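Undergrad: heads up, no residue letters with this:
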DNA sequence: TATTGTTATACTCTATAACTATA
DNA sequence: TATAGTTATAGAGTATAACAATA
(Lines give C-alpha, C1' and ligand atoms only; values in the text may rest on other atoms or scores of the structure.)
Protein backbone atom coordinates (compact mmCIF):
# COMPACT_ATOMS: atom_id res chain seq x y z
CA UNK A 1 0.00 0.00 0.00
CA UNK A 2 2.97 2.31 -0.40
CA UNK A 3 3.36 5.01 -2.98
CA UNK A 4 0.02 4.10 -4.37
CA UNK A 5 -0.47 7.23 -6.30
CA UNK A 6 1.09 9.83 -8.38
CA UNK A 7 2.32 12.70 -6.29
CA UNK A 8 4.63 15.60 -6.91
CA UNK A 9 7.53 13.60 -8.01
CA UNK A 10 9.41 15.89 -10.25
CA UNK A 11 11.66 18.70 -9.13
CA UNK A 12 12.06 17.66 -5.58
CA UNK A 13 13.09 14.23 -6.68
CA UNK A 14 16.05 15.62 -8.54
CA UNK A 15 17.48 16.85 -5.28
CA UNK A 16 16.21 14.57 -2.58
CA UNK A 17 14.82 11.29 -3.84
CA UNK A 18 16.61 8.12 -3.03
CA UNK A 19 18.75 6.20 -5.45
CA UNK A 20 17.04 2.98 -6.52
CA UNK A 21 19.15 0.85 -4.25
CA UNK A 22 19.03 3.03 -1.15
CA UNK A 23 18.51 1.54 2.25
CA UNK A 24 17.96 -2.02 3.27
CA UNK A 25 14.70 -2.40 5.09
CA UNK A 26 12.61 0.20 6.76
CA UNK A 27 14.53 1.20 9.85
CA UNK A 28 12.51 1.69 12.95
CA UNK A 29 13.69 3.27 16.16
CA UNK A 30 12.96 2.10 19.70
CA UNK A 31 9.49 3.62 19.45
CA UNK A 32 8.81 1.86 16.14
CA UNK A 33 8.72 5.18 14.36
CA UNK A 34 9.72 4.77 10.74
CA UNK A 35 12.72 6.96 10.10
CA UNK A 36 14.63 5.44 7.22
CA UNK A 37 13.88 4.26 3.78
CA UNK A 38 12.86 0.80 2.77
CA UNK A 39 14.24 -0.58 -0.49
CA UNK A 40 10.92 -1.07 -2.15
CA UNK A 41 9.95 2.58 -2.09
CA UNK A 42 9.35 2.42 -5.79
CA UNK A 43 6.22 0.35 -5.60
CA UNK A 44 6.27 -1.82 -2.57
CA UNK A 45 6.08 -4.83 -4.80
CA UNK A 46 7.23 -7.33 -2.22
CA UNK A 47 5.45 -5.90 0.73
CA UNK A 48 2.00 -5.36 -0.58
CA UNK A 49 1.05 -9.02 -0.37
CA UNK A 50 2.07 -9.16 3.26
CA UNK A 51 0.12 -6.10 4.21
CA UNK A 52 -3.07 -6.41 6.24
CA UNK A 53 -4.61 -4.20 3.58
CA UNK A 54 -3.77 -6.62 0.80
CA UNK A 55 -6.46 -6.91 -1.81
CA UNK A 56 -5.00 -9.19 -4.40
CA UNK A 57 -3.22 -9.46 -7.68
CA UNK A 58 -5.07 -6.73 -9.52
CA UNK A 59 -3.98 -4.26 -6.90
CA UNK A 60 -0.34 -5.31 -7.17
CA UNK A 61 -0.53 -5.00 -10.92
CA UNK A 62 -2.12 -1.59 -10.69
CA UNK A 63 0.54 -0.39 -8.28
CA UNK A 64 3.27 -1.49 -10.62
CA UNK A 65 1.57 0.04 -13.62
CA UNK A 66 1.20 3.27 -11.74
CA UNK A 67 4.80 3.19 -10.59
CA UNK A 68 6.03 2.83 -14.15
CA UNK A 69 3.90 5.59 -15.58
CA UNK A 70 4.60 7.90 -12.66
CA UNK A 71 8.35 7.40 -12.85
CA UNK A 72 8.38 8.07 -16.57
CA UNK A 73 5.91 10.91 -16.52
CA UNK A 74 7.65 12.69 -13.64
CA UNK A 75 10.91 12.60 -15.47
CA UNK A 76 9.35 13.78 -18.73
CA UNK A 77 7.58 16.57 -16.90
CA UNK A 78 10.78 17.65 -15.18
CA UNK A 79 12.76 17.72 -18.42
CA UNK A 80 10.02 19.58 -20.27
CA UNK A 81 10.05 22.21 -17.57
CA UNK A 82 13.83 22.51 -17.27
CA UNK A 83 14.68 22.34 -20.96
CA UNK A 84 11.67 24.01 -22.51
CA UNK A 85 9.94 25.84 -19.67
CA UNK A 86 6.80 23.95 -20.61
CA UNK A 87 4.17 22.10 -18.62
CA UNK A 88 2.42 18.90 -19.60
CA UNK A 89 -0.97 20.48 -20.28
CA UNK A 90 0.68 23.06 -22.53
CA UNK A 91 2.55 20.34 -24.38
CA UNK A 92 -0.56 18.22 -24.61
CA UNK A 93 -2.57 21.06 -26.07
CA UNK A 94 0.07 21.72 -28.69
CA UNK A 95 0.24 18.01 -29.48
CA UNK A 96 -3.50 18.05 -30.10
CA UNK A 97 -3.06 20.91 -32.52
CA UNK A 98 -0.05 19.50 -34.31
CA UNK A 99 -1.95 17.50 -36.88
CA UNK A 100 -4.87 19.90 -37.10
CA UNK A 101 -3.23 22.11 -39.67
CA UNK A 102 -6.12 24.54 -39.88
CA UNK A 103 -6.77 24.56 -36.18
CA UNK A 104 -9.21 23.01 -33.77
CA UNK A 105 -12.34 24.30 -32.11
CA UNK A 106 -11.92 25.08 -28.42
CA UNK A 107 -14.69 22.71 -27.36
CA UNK A 108 -13.00 19.88 -29.21
CA UNK A 109 -9.75 20.58 -27.40
CA UNK A 110 -11.70 20.53 -24.18
CA UNK A 111 -13.20 17.12 -24.92
CA UNK A 112 -9.97 15.56 -26.12
CA UNK A 113 -8.02 16.77 -23.15
CA UNK A 114 -10.88 16.00 -20.76
CA UNK A 115 -10.52 19.46 -19.26
CA UNK A 116 -13.39 21.89 -18.78
CA UNK A 117 -13.89 24.65 -21.34
CA UNK A 118 -13.23 27.31 -18.73
CA UNK A 119 -9.85 25.85 -17.97
CA UNK A 120 -9.01 25.45 -21.66
CA UNK A 121 -9.78 29.12 -22.12
CA UNK A 122 -7.19 29.95 -19.47
CA UNK A 123 -4.61 27.57 -20.92
CA UNK A 124 -5.13 28.91 -24.44
CA UNK A 125 -4.86 32.44 -23.09
CA UNK A 126 -1.36 31.74 -21.74
CA UNK A 127 -0.30 30.08 -24.99
CA UNK A 128 -1.55 33.06 -26.99
CA UNK A 129 0.45 35.36 -24.73
CA UNK A 130 3.61 33.35 -25.30
CA UNK A 131 3.01 33.31 -29.06
CA UNK A 132 2.52 29.58 -29.47
CA UNK A 133 -1.08 29.57 -30.66
CA UNK A 134 -3.66 31.85 -32.21
CA UNK A 135 -7.34 32.18 -31.43
CA UNK A 136 -9.77 33.12 -34.17
CA UNK A 137 -13.52 33.55 -34.24
CA UNK A 138 -15.12 31.17 -36.72
CA UNK A 139 -16.73 33.09 -39.58
CA UNK A 140 -19.39 30.39 -39.88
CA UNK A 141 -20.51 30.51 -36.27
CA UNK A 142 -19.40 33.43 -34.23
CA UNK A 143 -19.66 31.49 -30.99
CA UNK A 144 -16.85 29.13 -31.86
CA UNK A 145 -13.19 29.85 -31.30
CA UNK A 146 -10.63 28.21 -33.58
CA UNK A 147 -7.27 27.54 -31.97
CA UNK A 148 -4.20 26.88 -34.11
CA UNK A 149 -0.44 26.62 -33.71
CA UNK A 150 1.62 29.55 -34.91
CA UNK A 151 4.72 28.73 -36.93
CA UNK A 152 6.71 29.56 -33.83
CA UNK A 153 4.54 27.24 -31.78
CA UNK A 154 4.90 24.48 -34.32
CA UNK A 155 8.68 24.83 -34.36
CA UNK A 156 8.83 24.79 -30.59
CA UNK A 157 6.58 21.77 -30.44
CA UNK A 158 8.71 19.87 -32.95
CA UNK A 159 11.78 20.49 -30.83
CA UNK A 160 10.01 19.21 -27.76
CA UNK A 161 8.55 16.21 -29.53
CA UNK A 162 11.95 15.17 -30.83
CA UNK A 163 13.53 15.49 -27.40
CA UNK A 164 10.59 13.65 -25.91
CA UNK A 165 11.06 10.69 -28.23
CA UNK A 166 14.75 10.55 -27.32
CA UNK A 167 13.91 10.57 -23.62
CA UNK A 168 11.49 7.72 -24.04
CA UNK A 169 13.99 5.67 -26.01
CA UNK A 170 16.51 6.25 -23.23
CA UNK A 171 14.10 5.21 -20.49
CA UNK A 172 12.90 2.12 -22.36
CA UNK A 173 16.49 1.16 -23.09
CA UNK A 174 16.46 -2.51 -22.16
CA UNK A 175 12.95 -3.39 -23.31
CA UNK A 176 13.25 -5.76 -26.25
CA UNK A 177 11.03 -5.54 -29.30
CA UNK A 178 9.33 -8.76 -28.24
CA UNK A 179 8.61 -7.53 -24.70
CA UNK A 180 7.42 -4.29 -26.17
CA UNK A 181 4.94 -6.13 -28.36
CA UNK A 182 3.71 -8.21 -25.45
CA UNK A 183 3.25 -5.16 -23.26
CA UNK A 184 1.52 -3.26 -26.03
CA UNK A 185 -0.88 -6.11 -26.62
CA UNK A 186 -1.78 -6.73 -22.97
CA UNK A 187 -2.10 -3.05 -22.22
CA UNK A 188 -4.53 -2.91 -25.12
CA UNK A 189 -6.62 -5.54 -23.38
CA UNK A 190 -6.43 -3.62 -20.14
CA UNK A 191 -7.48 -0.44 -21.84
CA UNK A 192 -10.52 -2.13 -23.31
CA UNK A 193 -11.37 -3.60 -19.93
CA UNK A 194 -11.24 -0.21 -18.27
CA UNK A 195 -13.13 1.58 -21.02
CA UNK A 196 -15.83 -1.09 -20.91
CA UNK A 197 -16.13 -0.85 -17.14
CA UNK A 198 -16.39 2.94 -17.28
CA UNK A 199 -19.04 2.75 -19.99
CA UNK A 200 -21.21 0.55 -17.78
CA UNK A 201 -21.89 3.41 -15.36
CA UNK B 1 0.92 12.36 -30.86
CA UNK B 2 -2.53 12.76 -29.41
CA UNK B 3 -3.41 12.82 -25.76
CA UNK B 4 0.19 12.20 -24.93
CA UNK B 5 -0.08 13.20 -21.35
CA UNK B 6 -2.06 13.09 -18.24
CA UNK B 7 -4.30 16.07 -17.99
CA UNK B 8 -7.20 16.99 -15.81
CA UNK B 9 -9.32 14.06 -16.67
CA UNK B 10 -11.48 13.60 -13.66
CA UNK B 11 -14.55 15.62 -12.90
CA UNK B 12 -15.07 17.14 -16.27
CA UNK B 13 -14.95 13.75 -17.83
CA UNK B 14 -17.94 12.63 -15.82
CA UNK B 15 -20.08 15.20 -17.54
CA UNK B 16 -18.57 15.78 -20.94
CA UNK B 17 -16.17 13.09 -22.04
CA UNK B 18 -17.02 10.92 -24.96
CA UNK B 19 -18.18 7.37 -24.71
CA UNK B 20 -15.52 4.94 -25.89
CA UNK B 21 -17.16 4.37 -29.21
CA UNK B 22 -18.05 7.95 -30.02
CA UNK B 23 -17.52 9.31 -33.48
CA UNK B 24 -16.02 7.73 -36.51
CA UNK B 25 -13.10 9.69 -37.77
CA UNK B 26 -12.09 13.23 -37.05
CA UNK B 27 -14.56 15.42 -38.81
CA UNK B 28 -13.16 18.40 -40.54
CA UNK B 29 -15.11 21.29 -41.95
CA UNK B 30 -14.53 23.06 -45.23
CA UNK B 31 -11.65 24.97 -43.67
CA UNK B 32 -10.09 21.78 -42.33
CA UNK B 33 -10.75 22.88 -38.78
CA UNK B 34 -11.14 19.86 -36.54
CA UNK B 35 -14.52 20.03 -34.92
CA UNK B 36 -15.53 16.51 -34.04
CA UNK B 37 -14.05 13.60 -32.25
CA UNK B 38 -11.97 10.88 -33.77
CA UNK B 39 -12.48 7.33 -32.48
CA UNK B 40 -8.96 6.88 -31.21
CA UNK B 41 -9.13 9.69 -28.71
CA UNK B 42 -8.09 7.30 -26.01
CA UNK B 43 -4.51 6.94 -27.14
CA UNK B 44 -4.31 7.43 -30.84
CA UNK B 45 -2.98 3.93 -31.15
CA UNK B 46 -3.63 3.55 -34.84
CA UNK B 47 -2.72 7.02 -35.86
CA UNK B 48 0.54 7.58 -34.12
CA UNK B 49 2.53 5.49 -36.57
CA UNK B 50 1.18 7.45 -39.49
CA UNK B 51 1.94 10.77 -37.96
CA UNK B 52 4.79 12.89 -39.30
CA UNK B 53 5.91 13.14 -35.70
CA UNK B 54 6.21 9.38 -35.33
CA UNK B 55 9.14 8.28 -33.29
CA UNK B 56 8.75 4.55 -33.05
CA UNK B 57 7.51 1.65 -31.04
CA UNK B 58 8.69 2.86 -27.63
CA UNK B 59 6.63 5.95 -28.06
CA UNK B 60 3.50 3.97 -28.98
CA UNK B 61 4.03 1.76 -25.98
CA UNK B 62 4.52 4.72 -23.71
CA UNK B 63 1.36 6.37 -24.99
CA UNK B 64 -0.63 3.24 -24.33
CA UNK B 65 0.87 2.80 -20.88
CA UNK B 66 0.07 6.40 -20.08
CA UNK B 67 -3.46 6.02 -21.39
CA UNK B 68 -4.11 3.05 -19.15
CA UNK B 69 -2.73 4.61 -16.01
CA UNK B 70 -4.42 7.94 -16.71
CA UNK B 71 -7.80 6.37 -17.34
CA UNK B 72 -7.59 4.34 -14.15
CA UNK B 73 -6.09 7.05 -12.01
CA UNK B 74 -8.58 9.67 -13.14
CA UNK B 75 -11.44 7.41 -12.24
CA UNK B 76 -9.95 6.51 -8.86
CA UNK B 77 -9.30 10.16 -8.15
CA UNK B 78 -12.84 11.10 -9.05
CA UNK B 79 -14.36 8.40 -6.87
CA UNK B 80 -12.11 9.23 -3.95
CA UNK B 81 -13.23 12.82 -4.17
CA UNK B 82 -16.93 12.12 -4.63
CA UNK B 83 -17.28 9.30 -2.15
CA UNK B 84 -14.72 10.28 0.47
CA UNK B 85 -13.95 13.93 -0.18
CA UNK B 86 -10.31 12.93 -0.41
CA UNK B 87 -7.48 13.78 -2.78
CA UNK B 88 -4.77 11.45 -4.00
CA UNK B 89 -1.96 13.08 -2.03
CA UNK B 90 -4.02 12.82 1.15
CA UNK B 91 -4.77 9.18 0.45
CA UNK B 92 -1.16 8.51 -0.42
CA UNK B 93 0.05 10.06 2.81
CA UNK B 94 -2.35 7.97 4.85
CA UNK B 95 -1.31 4.88 2.91
CA UNK B 96 2.29 5.60 3.86
CA UNK B 97 1.31 5.79 7.50
CA UNK B 98 -0.92 2.73 7.48
CA UNK B 99 1.78 0.21 8.27
CA UNK B 100 3.84 2.57 10.41
CA UNK B 101 1.94 1.82 13.59
CA UNK B 102 3.97 4.21 15.73
CA UNK B 103 4.14 6.90 13.10
CA UNK B 104 6.63 8.18 10.58
CA UNK B 105 9.04 11.07 10.61
CA UNK B 106 7.99 13.95 8.38
CA UNK B 107 11.18 13.89 6.36
CA UNK B 108 10.66 10.22 5.63
CA UNK B 109 7.16 10.95 4.36
CA UNK B 110 8.67 13.66 2.20
CA UNK B 111 11.18 11.28 0.65
CA UNK B 112 8.73 8.45 0.09
CA UNK B 113 6.18 10.67 -1.53
CA UNK B 114 8.84 12.60 -3.43
CA UNK B 115 7.28 15.83 -2.28
CA UNK B 116 9.21 18.68 -0.66
CA UNK B 117 9.13 19.00 3.14
CA UNK B 118 7.39 22.34 2.91
CA UNK B 119 4.56 20.86 0.95
CA UNK B 120 4.32 17.87 3.28
CA UNK B 121 3.99 20.30 6.18
CA UNK B 122 0.98 21.87 4.49
CA UNK B 123 -0.56 18.52 3.62
CA UNK B 124 -0.08 17.24 7.17
CA UNK B 125 -1.54 20.45 8.50
CA UNK B 126 -4.78 19.86 6.62
CA UNK B 127 -4.92 16.24 7.77
CA UNK B 128 -4.40 17.31 11.38
CA UNK B 129 -7.24 19.79 11.01
CA UNK B 130 -9.57 17.11 9.71
CA UNK B 131 -8.58 14.76 12.51
CA UNK B 132 -6.95 12.08 10.38
CA UNK B 133 -3.38 12.33 11.68
CA UNK B 134 -1.44 13.60 14.66
CA UNK B 135 1.85 15.45 14.74
CA UNK B 136 4.18 14.95 17.71
CA UNK B 137 7.63 16.31 18.51
CA UNK B 138 10.14 13.50 18.93
CA UNK B 139 11.41 13.34 22.52
CA UNK B 140 14.78 12.12 21.26
CA UNK B 141 15.38 14.98 18.85
CA UNK B 142 13.16 17.98 19.17
CA UNK B 143 13.66 18.92 15.52
CA UNK B 144 11.82 15.88 14.24
CA UNK B 145 8.08 15.66 13.83
CA UNK B 146 6.41 12.27 14.08
CA UNK B 147 3.24 11.89 12.04
CA UNK B 148 0.77 9.10 12.80
CA UNK B 149 -2.76 8.08 11.86
CA UNK B 150 -5.45 8.68 14.45
CA UNK B 151 -7.90 5.85 15.01
CA UNK B 152 -10.41 7.91 13.05
CA UNK B 153 -7.88 8.36 10.27
CA UNK B 154 -7.12 4.66 10.25
CA UNK B 155 -10.79 3.76 10.04
CA UNK B 156 -11.35 6.22 7.23
CA UNK B 157 -8.33 4.93 5.39
CA UNK B 158 -9.50 1.34 5.69
CA UNK B 159 -12.83 2.27 4.19
CA UNK B 160 -11.13 3.99 1.30
CA UNK B 161 -8.64 1.19 0.75
CA UNK B 162 -11.40 -1.39 0.60
CA UNK B 163 -13.41 0.65 -1.86
CA UNK B 164 -10.26 1.27 -3.84
CA UNK B 165 -9.57 -2.45 -4.17
CA UNK B 166 -13.12 -3.01 -5.37
CA UNK B 167 -12.77 -0.28 -7.96
CA UNK B 168 -9.58 -1.80 -9.29
CA UNK B 169 -11.13 -5.25 -9.50
CA UNK B 170 -14.00 -3.73 -11.44
CA UNK B 171 -11.73 -1.91 -13.88
CA UNK B 172 -9.46 -4.92 -14.42
CA UNK B 173 -12.50 -7.10 -14.94
CA UNK B 174 -11.53 -9.03 -18.06
CA UNK B 175 -7.80 -9.36 -17.38
CA UNK B 176 -7.03 -13.04 -16.85
CA UNK B 177 -4.64 -14.27 -14.19
CA UNK B 178 -2.20 -15.26 -16.90
CA UNK B 179 -2.29 -11.87 -18.62
CA UNK B 180 -1.95 -10.26 -15.22
CA UNK B 181 1.22 -12.24 -14.54
CA UNK B 182 2.65 -11.37 -17.93
CA UNK B 183 1.92 -7.70 -17.46
CA UNK B 184 3.33 -7.73 -13.96
CA UNK B 185 6.52 -9.36 -15.13
CA UNK B 186 7.11 -7.11 -18.14
CA UNK B 187 6.25 -3.98 -16.20
CA UNK B 188 8.86 -5.09 -13.69
CA UNK B 189 11.43 -5.12 -16.47
CA UNK B 190 10.30 -1.73 -17.60
CA UNK B 191 10.56 -0.34 -14.11
CA UNK B 192 14.12 -1.58 -13.80
CA UNK B 193 14.96 -0.09 -17.18
CA UNK B 194 13.65 3.30 -16.15
CA UNK B 195 15.24 3.25 -12.72
CA UNK B 196 18.58 2.29 -14.27
CA UNK B 197 18.34 5.05 -16.85
CA UNK B 198 17.49 7.63 -14.19
CA UNK B 199 20.38 6.47 -12.02
CA UNK B 200 22.83 7.07 -14.87
CA UNK B 201 22.36 10.83 -14.67
C1' DT C 1 -34.10 27.08 -25.90
C1' DA C 2 -29.75 24.98 -26.63
C1' DT C 3 -24.93 25.54 -27.49
C1' DT C 4 -20.24 27.73 -27.22
C1' DG C 5 -17.25 29.85 -24.50
C1' DT C 6 -16.05 33.24 -20.74
C1' DT C 7 -15.66 34.78 -16.17
C1' DA C 8 -15.27 34.04 -11.43
C1' DT C 9 -13.94 31.66 -7.39
C1' DA C 10 -12.01 28.60 -4.13
C1' DC C 11 -8.99 25.22 -3.38
C1' DT C 12 -5.07 22.05 -4.14
C1' DC C 13 -0.76 21.13 -5.81
C1' DT C 14 4.02 22.42 -7.46
C1' DA C 15 8.41 24.62 -7.12
C1' DT C 16 11.70 27.36 -4.80
C1' DA C 17 14.06 29.66 -1.31
C1' DA C 18 14.80 32.00 2.96
C1' DC C 19 14.44 31.11 7.57
C1' DT C 20 14.22 29.03 12.65
C1' DA C 21 15.32 25.71 15.97
C1' DT C 22 18.00 22.02 17.30
C1' DA C 23 21.85 18.90 17.08
C1' DT D 1 28.07 23.60 10.56
C1' DA D 2 24.62 20.45 9.31
C1' DT D 3 19.97 18.81 9.67
C1' DA D 4 14.71 18.89 10.30
C1' DG D 5 11.02 21.44 9.45
C1' DT D 6 8.49 25.85 8.74
C1' DT D 7 7.05 29.79 6.37
C1' DA D 8 6.30 32.34 2.37
C1' DT D 9 5.20 33.03 -2.24
C1' DA D 10 4.20 32.60 -7.08
C1' DG D 11 2.23 30.05 -10.44
C1' DA D 12 -0.45 26.33 -12.46
C1' DG D 13 -4.03 23.02 -12.41
C1' DT D 14 -8.81 21.44 -10.77
C1' DA D 15 -13.71 21.75 -9.94
C1' DT D 16 -18.01 24.30 -10.18
C1' DA D 17 -21.26 27.37 -11.41
C1' DA D 18 -23.21 31.56 -13.13
C1' DC D 19 -23.22 34.13 -17.13
C1' DA D 20 -23.17 36.30 -22.17
C1' DA D 21 -23.41 35.79 -26.95
C1' DT D 22 -25.04 33.40 -30.71
C1' DA D 23 -27.55 29.90 -33.11
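TA: That came in fine, so what should we check first? Bear in mind that the values here come from a model prediction, so they are computed numbers and not experimental data.

Undergrad: just the element for residue A:197, please.
TA: Element membership for residue A:197, per DSSP states H and E: helix A:177-200.

Undergrad: that helix close to chain B?
TA: Yes: against chain B, helix A:177-200 shows contacts by Cβ under 8 Å from any Cβ of the partner chain at A:177, A:179-180, A:182-184, A:186-199. For the C-beta atoms, the positions are set from N, CA and C on the backbone; glycine is no exception.

Undergrad: swap in stretch A:132-148?
TA: Yes: Stretch A:132-148 lies within reach of chain B by Cβ under 8 Å from any Cβ, at A:138, A:140, A:146.

Undergrad: distance to residue B:118 added to those residues, as JSON lines?
TA: Listed next are the residues of stretch A:132-148 next to chain B as JSON lines, based on distance: Cβ to Cβ, whole Å:
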{"residue": "A:138", "distance to residue B:118": "46"}
{"residue": "A:140", "distance to residue B:118": "50"}
{"residue": "A:146", "distance to residue B:118": "42"}
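
Undergrad: what's the distance between the spatially most central residue of chain A and residue A:92?
TA: Geometric centre of chain A, nearest residue: residue A:73, 4.3 Å, by Cα atoms, centre = their mean. Distance of residue A:73 to residue A:92, given as Cβ to Cβ, to the nearest Å: 12 Å.

Undergrad: how about residue A:119?
TA: 12 Å.

Undergrad: of these two, who's got more company?
TA: residue A:92 (22 against 15; other Cβ atoms under 10 Å in any protein chain shown).

Undergrad: from DNA strand D, how far off is that one?
TA: Residue A:92 is 9 Å from DNA strand D, where distance means Cβ to the nearest atom of the strand, to the nearest Å.

Undergrad: now for the host helix or strand of that residue, which elements pack on it?
TA: Element membership of residue A:92, judged by DSSP H and E, is helix A:88-98. On a contact count with 3 or more Cβ pairs under 8 Å, 6 or more residues apart in numbering or on different chains; DSSP states H and E, helix A:88-98 meets helix A:57-84, helix A:106-113, helix A:117-129, strand A:133-137, strand A:145-149, helix A:151-171.

Undergrad: where in chain A is pLDDT low?
TA: Across chain A, the ranges flagged by pLDDT under 70 are A:1-30, A:36-56, A:201.

Undergrad: close to DNA strand D: what parts of chain A are there?
TA: Applying Cβ under 7 Å from any atom of the strand, we find that chain A lies next to DNA strand D at A:87-90, A:115-116, A:118-119, A:122-123, A:126, A:141-143.

Undergrad: let's see that with 10 Å instead.
TA: A:16, A:33, A:35-36, A:77, A:81, A:85-93, A:113-123, A:125-127, A:129-130, A:137-144 (Cβ under 10 Å from any atom of the strand).

Undergrad: any quick ChimeraX command for the buried ones out of those residues?
TA: Filtering the residues of chain A next to DNA strand D down to the buried ones (16 or more other Cβ atoms under 10 Å in any protein chain shown) takes a single ChimeraX command:
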select /A:33,35,36,77,86,88,89,90,91,92,93,113,114,115,116,120,123,127,138,144
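
Undergrad: circling back to that earlier point, now check the helix holding residue A:92, is it near DNA strand C?
TA: Yes: using Cβ under 10 Å from any atom of the strand, helix A:88-98 reaches DNA strand C at residue A:88.

Undergrad: what angle sits between that helix and helix A:57-84?
TA: 80 degrees (axes from the mean of the first three to the mean of the last three Cα atoms, to 10 degrees).

Undergrad: how far does helix A:88-98 sit from the chain's center?
TA: Offset of helix A:88-98 from its chain centre (Cα atoms, centre = their mean, to the nearest Å): 13 Å.

Undergrad: so residue A:141 belongs to a strand, correct?
TA: No: Residue A:141: not assigned to a strand; according to DSSP: H, G, I helix; E, B strand; the rest coil it is coil.

Undergrad: quick check: phi and psi on it?
TA: Main-chain torsions, residue A:141, degrees, to the nearest 10: phi -150, psi 110.

Undergrad: next one: it from residue A:124, what distance?
TA: 18 Å.

Undergrad: next: residue A:183.
TA: In terms of Cβ to Cβ, residue A:183 sits 35 Å off from residue A:124.

Undergrad: surely residue A:174 touches residue B:193?
TA: Yes: contact criterion Cβ atoms under 8 Å: residue A:174 and residue B:193 qualify, at 4.4 Å.

Undergrad: per-domain residue ranges of chain A.
TA: Listed domain ranges for chain A are A:1-85, A:88-161 (source: automatic domain parsing).

Undergrad: so the helix holding residue A:92 versus helix A:117-129, what angle?
TA: 80 degrees.

Undergrad: just to revisit the earlier point, so which of residue A:183 and residue A:124 has more stuff around it?
TA: Neighbours per residue, other Cβ under 10 Å: of residue A:183 and residue A:124, the larger number sits with residue A:183, 23 against 20.

Undergrad: out of the helices and strands packed on helix A:88-98, nearest to residue B:108?
TA: Minimum separation from residue B:108 across the helices and strands packed on helix A:88-98 (Cβ to Cβ) falls at helix A:57-84, 18.7 Å.
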